[in-house]
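J.: I'll drop the sequence and a predicted model, then ask my questions.
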Amino acid sequence: MAAMISIQNVYKVFGVNAKQGLEMVLQSCDKRKVLEATGCSVGLTNVSLDIEEGEIFVVMGLSGSGKSTLIRHINRLIEPSAGAIKIRGKDVLKMGDAELRKLRQTTVSMVFQSFGLLPHWNVIDNAAYGLFVSGLSKKAARAQAMPWLEKVGLADYANKYPDELSGGMRQRVGLARALTVNAEVLLMDEAFSALDPLIRHDMQDLLLELQRSLKKTIVFVTHDLDEAIRIGARIAILRDGELVQVGTPQDILQRPANDYVRRFVDKRGNTEVSQPSAEVAHA
Amino acid sequence: MAAMISIQNVYKVFGVNAKQGLEMVLQSCDKRKVLEATGCSVGLTNVSLDIEEGEIFVVMGLSGSGKSTLIRHINRLIEPSAGAIKIRGKDVLKMGDAELRKLRQTTVSMVFQSFGLLPHWNVIDNAAYGLFVSGLSKKAARAQAMPWLEKVGLADYANKYPDELSGGMRQRVGLARALTVNAEVLLMDEAFSALDPLIRHDMQDLLLELQRSLKKTIVFVTHDLDEAIRIGARIAILRDGELVQVGTPQDILQRPANDYVRRFVDKRGNTEVSQPSAEVAHA
Amino acid sequence: QTKPAWCAADKPVKFAGITWESGQFYTELARFFVENGFGCKTEIVPGSTAVTETALVSNDLQVWMEQWGGRTDIIRKGKEAGKVDLVGSLLKDGTVEGWYVPEYVVKGDAKRNIKAVAPDLKSVADLPKYKDLFKDDEDPSKGRFLNCPTGWDCEKNNNQKMKAYKLNATYTNFKPGTGGALDATIASAVERGRPILFYYWSPAGLMGKYKFVQLQEPAFNEACWKTIFGSTTDEACGSATPSTNLSVGVSTPFKKDAPEVIKFLSALQMSGDQLNPIIAEMGEKKTPAADMAKKFVANNKAIWSTWVPASMVAQIEAKAK
Amino acid sequence: MDTSVFLKISFADALNAWIESIVVNYGDFLHEVSAFLLQTLLVPIEKFLIAAPPVAVLAFIGVVAWFGLRRVGLTVAFVASLYFIGCLGLWEKTMQTLAIMLVSIILCLIAGLPIGILMARHRWLSRVLTPVLDVMQTFPMFVYMLPAVMLFSIGKVPAVIATLIYSLPPLIRLTELGIRQVDAEVREAATSFGASTWQILLWVQLPLARPSIMAGINQTTMMALAMVVVASMIGARGLGEDILHGLTNLDFGKGAHAGVAVVILAIVIDRISQSYGLTARQRAALSKKGG
Amino acid sequence: MDTSVFLKISFADALNAWIESIVVNYGDFLHEVSAFLLQTLLVPIEKFLIAAPPVAVLAFIGVVAWFGLRRVGLTVAFVASLYFIGCLGLWEKTMQTLAIMLVSIILCLIAGLPIGILMARHRWLSRVLTPVLDVMQTFPMFVYMLPAVMLFSIGKVPAVIATLIYSLPPLIRLTELGIRQVDAEVREAATSFGASTWQILLWVQLPLARPSIMAGINQTTMMALAMVVVASMIGARGLGEDILHGLTNLDFGKGAHAGVAVVILAIVIDRISQSYGLTARQRAALSKKGG
Ligand SMILES: Nc1ncnc2c1ncn2[C@@H]1O[C@H](COP(=O)(O)OP(=O)(O)OP(=O)(O)O)[C@@H](O)[C@H]1O
Ligand SMILES: Nc1ncnc2c1ncn2[C@@H]1O[C@H](COP(=O)(O)OP(=O)(O)OP(=O)(O)O)[C@@H](O)[C@H]1O
Ligand SMILES: [Mg+2]
Ligand SMILES: [Mg+2]
């Protein structure tokens, strides 16, 4: 059986001179050089990945290493500069408009790093948005969204507007919105980053529960190694758009592929002071 | 000597019927009741705090518990419904326009949870914004901002615009902007939430260094208990707008004031599954 | 030849810019003499009729050629207040105003293959019979009479005539708003060979361009005219519009300071036969009015030499070459 | 000034000849179209407004205003101002003007919104149509007014055409602007749930472009009402007649009466249409404030 | 229709008497003011434009356009269109119109931006001025045209006044709209660094309101150019004269020549002014694309 999500040799270069940039990348120039020479940011470099059905797949990496770019490719919010993306063996890039809409409505839903709520809709309507889209009546959609709002602890705020919420509350509205549609694949881009440890823990439980009982496939971007280890079946680590290592938490912790990964996982509970690393200086 | 920042019996109620809401709060109705009865969100309830010069003061609490609201009061981005805020003994609420501007330019600078970058300015100009405001020439300001951009690892992106950056990169621009002005007080609202462990660690070091060498006073909102313990001299814990406990990390860890705090700090490294708590369900 | 006091004070003589052809011609003709004969500086100030008339009353303009005996209230009020005066008589036989239909409506036009649709239409009294011919699109049960532009004296006169000729039951009194709209409607009908009933006047460019037939009205009658002109009575009785004097409007201060020019303007007169070909040429060949005026002066010394002092004739003649 | 550097070009005669040939060849047909529009659309609306008892019209407008505004005070003020127009003796003319304006504004909405939306969606269309809008707004209507009369007969039809040409562009432009300004992140998130183009349009783009679109509707209303006099210049009955009359007879008073009526009409139409553009949230805030 | 429900009210006579008294009492003074403005502002600009050799004017406009647009093709196209106006024999009249339009548009900018900014800042001012703007846009200028001529004498000054009254409102409205739409979070962050009202205005509000303000400038330009004919109706020389002439003599061709000149002028002024409103970023993107 084909993997649920299969990403094959994907490249992404942003910018006006993207073509030129891509050529440099293909000649394996590094991200920084490309930026200097063409003004293009390299998002992804030759990334290939298979994500199986029902697994929670965690993506980690430095800030700016291409995690959001990668996850956005899966539902084709970004067109790759080169490469192919397949969901259940179907090439997402070759889908027509209707097919792509269908995919997004039923198969893949997403939580955005910057929330992406509709500012003119109140919380319950935002949460029900995906159901509205799929053609459910307003009333039915709201009724279906309400339990999820309760799950994320925002039932009392159903009639408030996004600008009346705190950052973490907005994030939870985005979470509820993605969960309501009951899609098979969940793309979660730092979906818990604005949450406190208590709620975060509950949300992690919720995810694990979903994955266990409903066999959801979840692609989860996070910066929190504890979180990654707790929920991730496999963890991928990106660096400057390149995939550095993919493996079980065990693998990653015990057999880091290189120094970069080692330092990444070393930070766990590590509290001694260190000098800014070369990596950081031009991430 | 007076405390650097002194917050005295501050209440904040949001909404059209704020007056009515405040009355209910003063009669010690709880947040949820007020919301149901008046549609007002309670931001803060009778919060009093003293923050000393040169200390890193960490604020924690559930999502929506009033952390951002509290920190925004310090530089009077929000007017309290009741109470007083003093910086070095001076009442911020009684300041005239010019005095308040002076305070914000030189004494207090802030990193926003939602970044608040100027979308039409590039990274270096955003970083230099505070210096522009204080009247420095464009050239001088940019020159002064550049080292800070380097410190946060974005020197290569100086000419990019915010919409060309990843979430964490935007956050670091906000960080650089706040650091460039070299203010005595830094208000940091989940300033590291979008950063990966490596960069985050470096940034924590940077803060500690600043505090040590330049005696900066830092008010730091975070959800990461490790972070709080690592950098905080004292930690305050909020719940539904009320201050539940203030103390050294030691205090908090070993002598939690109540069950809520205990559960908050318990989560540290705790990976067993638990049911969503009552707290969470209507935070 | 001494300059008039007005011009000696170095003030320009400002003429109202008239937009129709005969008016433009008269204006340029007068300017030619005022500049070359009397040595004044002149200017033409454009504007809509109401605006330039208002400016004449307040002496912002000095000369308004081709005034239709005070067609509008502005000049009449100004005259009553002593701020303007009307002098001269530009057209020998005066003006003609009346109700018209295109010639082909009555006689047909063999060349364009148009049959005469109303061979018996002679006078306004025949109109009720032909109401379907002049059908009003907005109210197809009636005919349409195209009145004079809104607000002019002729519009009010025609309102009364509608009553006098008892046409209100069979015709709508359609006000075209502006002269241009009236012209366009007539031109469109004529180009398409359609019947149309309208008010018009002469001298006018359109009169030379197309052939119209004037409908007979009861002969001019002083008593009845009083029920038409300046009246709103319901008991109007019919009367043709009397011929009016085509005069020159001048501001009082100018009149006082340039009597020589006033004398010239009072003498300036042409006959319809002289004027009509000029208008026709302007319309067809789009010759600028100034060129036409110069050409006229060059070729018609006999006519204009009576307008100016003898001492000026040679000088004018020289400038016209 | 020496203008000898310029070549001599003129298309005036060719244009005149061309228009004449159009009049000759298509004039009859267009006159019939025009008569048809008159009979089926413009005249019935006008007749209805004039025939209805003023009290009924006032009451109807009051109800419409109240549903939009939900403020008693404003509604009363609007009805009172319209009553005031009646007191000036201009009721019938106002209804004539109102008929033309309603038709024009509604046609503007029907045409303007979709065009603006399409222009926001397709850059090439925007490139092609922007100069057309420029021409519509600046090519002086006094030039095409008379050809329009020759083609469509004098009266209401060319008046509506001229009003449309002149007052449509601001709505189109501001609709396009509003939609283009919609936050890309919100739009992306909305797309990610598989929304169709229509859903995105109705749920995201139009609501978020609302302030801009409402400004466009406001400008279109204002421009249309500013055309009242021009409409009367080509034979449309209504308030413009009185203004032309006042103009040629130095009777500002009469013109001012009609002018005041136009302004009242403009403000009432604008405020009512704007009120129907309020969001649920704004409406709730309003009804909480004003009792 | 029964209009007996209406009381009889008329302020016409009172108004006429009032205007007359104003003319008698202040007419001379205002005429002098008007003459002063003419002599110091309008006439010199016009004289300069007319006296300058057309080639110099064309070259100057070309340079200005190039600095704004940075596109050779467009610049050439604009200069060529202006040259084309000269070929139509309308150079002098175009310069006369240009003089009035430049003055009007610049005065609009000087007045409109600050008023719009203040209206965005103060709700009460917005409440007070919005109806005034409505009146400015819809009260028919044909009503106040004659009083204006009586007060300020015939010619350029009342023409500029009428143009200002009519074309100022869109700029004010869209400036207000743009500033009100600025994201509250960005504004808050900008404030938090102690920026003064001016700094917020210049660095945050105006740049972020830019698209809306530029649309306002565009509309103001369009409206001003749409007033060319009216300006000539009240005695300003220029392209409007030819249009009026075409109107009374059924000579569309002549009117169309002038109309084309007006459109070209409008587009050139608009595109150049818009190009100076581009951001550094847009400019960079442009110069990368178009060589
Ligand atoms: N502008 C506002 N209007 C109405 N309510 C508000 C507003 N800002 C905050 N609130 C309310 O105040 C309460 C506290 O919000 P605050 O942003 O301070 O939370 P927080 O502790 O920062 O949460 P988070 O960790 O999610 O950022 C919340 O209930 C929120 O709904
Ligand atoms: N729209 C865009 N235009 C230009 N460059 C972009 C764009 N989006 C992303 N990039 C660039 O692509 C690279 C990867 O960005 P991405 O958002 O995927 O990072 P990330 O791993 O999600 O980082 P973070 O943890 O900070 O969110 C960055 O260098 C960024 O500057
Ligand atoms: Mg990201
Ligand atoms: Mg917060």
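T.: On my side now, so go ahead. Ligands and ions are numbered 1, 2, ... in the order given.
J.: Output the contacting helices and strands for the helix or strand bottoming out on mean pLDDT in chain C.
T.: One helix or strand of chain C scores below all others by mean pLDDT, DSSP states H and E: helix C:205-209, with a mean of 83. Other helices and strands packing on helix C:205-209, by 3 or more Cβ pairs under 8 Å, 6 or more residues apart in numbering or on different chains; DSSP states H and E, are helix C:179-192, strand C:198-202, helix C:272-285. Just so you know, the C-beta spots here come from the backbone N, C-alpha and C atoms, and that holds for glycine as well.
J.: Give me whichever of these is most buried.
T.: helix C:179-192 (a mean of 23; mean count of other Cβ atoms under 10 Å in any protein chain shown).
J.: who's in contact with stretch A:245-260?
T.: Contact partners of stretch A:245-260, identified using Cβ atoms under 8 Å, 6 or more residues apart in numbering or on different chains, comprise A:49, A:228-229, A:232-237, A:239, A:244, A:261-262, A:264-265, A:279.
J.: Report the two of the residues you listed separated the most.
T.: Using Cβ to Cβ, those span at most 26.7 Å, a distance reached by A:Ala233 and A:Glu279.
J.: which one of the two has more residues nearby?
T.: Neighbour count, other Cβ atoms under 10 Å in any protein chain shown: between A:Ala233 and A:Glu279, A:Glu279 has more, with 19 against 15.
J.: Roughly how far does the residue of the stretch 101-250 of chain D found nearest ligand 4 sit from B:Ser134?
T.: The nearest approach of the stretch 101-250 of chain D to ligand 4 comes at D:Glu185, 19.2 Å away (Cβ to the ion). Using Cβ to Cβ, to the nearest Å, D:Glu185 is found at 31 Å from B:Ser134.
J.: next one: C:Lys131
T.: Taking Cβ to Cβ as the measure, C:Lys131 and B:Ser134 are separated by 84 Å.
J.: Below-threshold pLDDT in the stretch 1-150 of chain A: ranges please.
T.: Low-confidence segments of the stretch 1-150 of chain A, defined by pLDDT under 70: A:1.
J.: which stretches of it form strands?
T.: A:5-14, A:41-51, A:56-61, A:82-87, A:90-91, A:108-111 (DSSP state E, counting those that start in this stretch).
J.: Make CSV out of these and add mean neighbour count and distance to D:Leu125.
T.: Listed next are the strands of the stretch 1-150 of chain A as CSV, based on neighbours: other Cβ atoms under 10 Å in any protein chain shown; distance: least, Cβ to Cβ, whole Å:
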stretch, mean neighbour count, distance to D:Leu125
strand A:5-14, 21, 27
strand A:41-51, 23, 31
strand A:56-61, 26, 40
strand A:82-87, 19, 31
strand A:90-91, 14, 31
strand A:108-111, 26, 31
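J.: Now the longest helix anywhere in chain D: average pLDDT?
T.: Ranked by residue count under DSSP state H, the longest helix found in chain D is helix D:91-121. Regarding helix D:91-121, the rounded mean pLDDT is 95.
J.: Now do the longest helix along chain C and helix C:272-285, the angle between them.
T.: Across chain C, the longest stretch assigned as helix under DSSP H is helix C:21-36. Per axes from the mean of the first three to the mean of the last three Cα atoms, to 10 degrees, the angle that helix C:21-36 makes with helix C:272-285 is 100 degrees.
J.: Output helix C:21-36 in CSV with nothing but the alpha carbons.
T.: Only the C-alpha atoms of helix C:21-36 are listed here, as CSV (Å, rounded to 0.1, in the frame of the first residue of the first chain):
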residue,chain,number,x,y,z
GLU,C,21,-22.6,80.5,-35.0
SER,C,22,-24.4,83.8,-35.7
GLY,C,23,-23.5,85.0,-32.3
GLN,C,24,-19.9,84.1,-32.8
PHE,C,25,-19.8,85.8,-36.1
TYR,C,26,-21.3,89.0,-34.7
THR,C,27,-18.9,88.9,-31.8
GLU,C,28,-15.8,88.5,-34.0
LEU,C,29,-17.1,91.2,-36.3
ALA,C,30,-17.6,93.7,-33.5
ARG,C,31,-14.2,92.8,-32.1
PHE,C,32,-12.6,93.5,-35.4
PHE,C,33,-13.9,97.0,-35.4
VAL,C,34,-13.3,97.6,-31.7
GLU,C,35,-9.7,96.5,-31.9
ASN,C,36,-8.7,97.8,-35.3
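J.: Does the helix or strand just after that helix reach chain E?
T.: Downstream of helix C:21-36, the first helix or strand assigned by DSSP states H and E is strand C:42-45. Yes. Strand C:42-45 is in contact with chain E by Cβ under 8 Å from any Cβ of the partner chain, via C:Val45.
J.: can I get the CA coordinates of the helix or strand where the residue of the stretch 101-250 of chain D closest to ligand 4 lies in CSV?
T.: D:Glu185 is located in helix D:184-192, with elements delineated by DSSP H and E. Below are the C-alpha coordinates for helix D:184-192, written out as CSV (Å, rounded to 0.1, in the frame of the first residue of the first chain):
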residue,chain,number,x,y,z
ALA,D,184,-3.4,37.1,2.2
GLU,D,185,-3.0,34.9,5.3
VAL,D,186,-6.7,35.0,6.0
ARG,D,187,-7.4,34.2,2.4
GLU,D,188,-4.9,31.3,2.5
ALA,D,189,-6.5,29.8,5.6
ALA,D,190,-9.9,30.1,4.1
THR,D,191,-8.7,28.3,0.9
SER,D,192,-7.1,25.6,2.8
